[in-house]
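S.K.: I would like to see how this sequence folds:
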Amino acid sequence: MRQVIVYAGEDGYWIAECPSLPGCITQGKTKEEVIENIREAIDLYIETLIERNSAVPEDTLEVLQV
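M.R.: Predicted structure coming up:
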């Protein structure tokens with residue numbers, strides 16, 4: 001499991017990104033679609049790292065409200 005950030009974009013699409021995996025970002029027409037898309041993106045990202053014998057970054061995101 002990874003922490004993700006989900007927010008509404010300016011174009012009406014939803015955006016999701018996984019800060020612990022640089023560049024792992026996606027969008028979708030609905031919040032449900034973007035969540036499905038980011039799950040797939042995370043799986044593929046980690047699968048690619050493993051195939052390349054690269055280290056998989058830890059998920060160290062801490063969310064604070066200020």
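S.K.: show me the contacts for the residue nearest to the spatial centre of the chain.
M.R.: What sits nearest the mean C-alpha location of the chain, by Cα atoms, centre = their mean, is Cys18, with 3.0 Å. The contact partners of Cys18, by Cβ atoms under 8 Å, 6 or more residues apart in numbering, come to Arg2, Gln3, Val4, Ile5, Cys24, Ile25, Ile38, Ala41, Ile42, Tyr45. In this view, the C-beta of every residue, glycine as well, is placed from N, C-alpha and C.
S.K.: neighbour-wise, which of these leads?
M.R.: Within the contacts of Cys18, neighbour counts (other Cβ atoms under 10 Å) peak at Ile38, which reaches 26 neighbours.
S.K.: and the nearest residue to it once chain neighbours are set aside, how far from Ala55?
M.R.: Leaving aside its chain neighbours, Ile38 sits nearest to Ala16 (3.9 Å; criterion: Cβ to Cβ, 6 or more residues apart in numbering). To Ala55, Ala16 is 23 Å away according to Cβ to Cβ, to the nearest Å.
S.K.: so these two - more neighbours on which side?
M.R.: A count of neighbours by other Cβ under 10 Å puts Ala16 above the other of Ala16 and Ala55, at 23 against 8.
S.K.: what secondary structure does that one sit in?
M.R.: On the three-state scheme (DSSP: H, G, I helix; E, B strand; the rest coil), Ala16 is labelled strand.
S.K.: try the one 10 residues further on
M.R.: Of the three states, Thr26 takes strand under three-state DSSP.
S.K.: which pair in the contacts of Cys18 has the greatest spatial separation?
M.R.: Ile5 and Tyr45 (15.3 Å; Cβ to Cβ).
S.K.: check the residue nearest to the centre of the chain and give its pLDDT.
M.R.: Predicted confidence (pLDDT) for Cys18: 97.
S.K.: all helices for this structure, in order.
M.R.: Here the chain has its helices, by DSSP state H, at 31-51.
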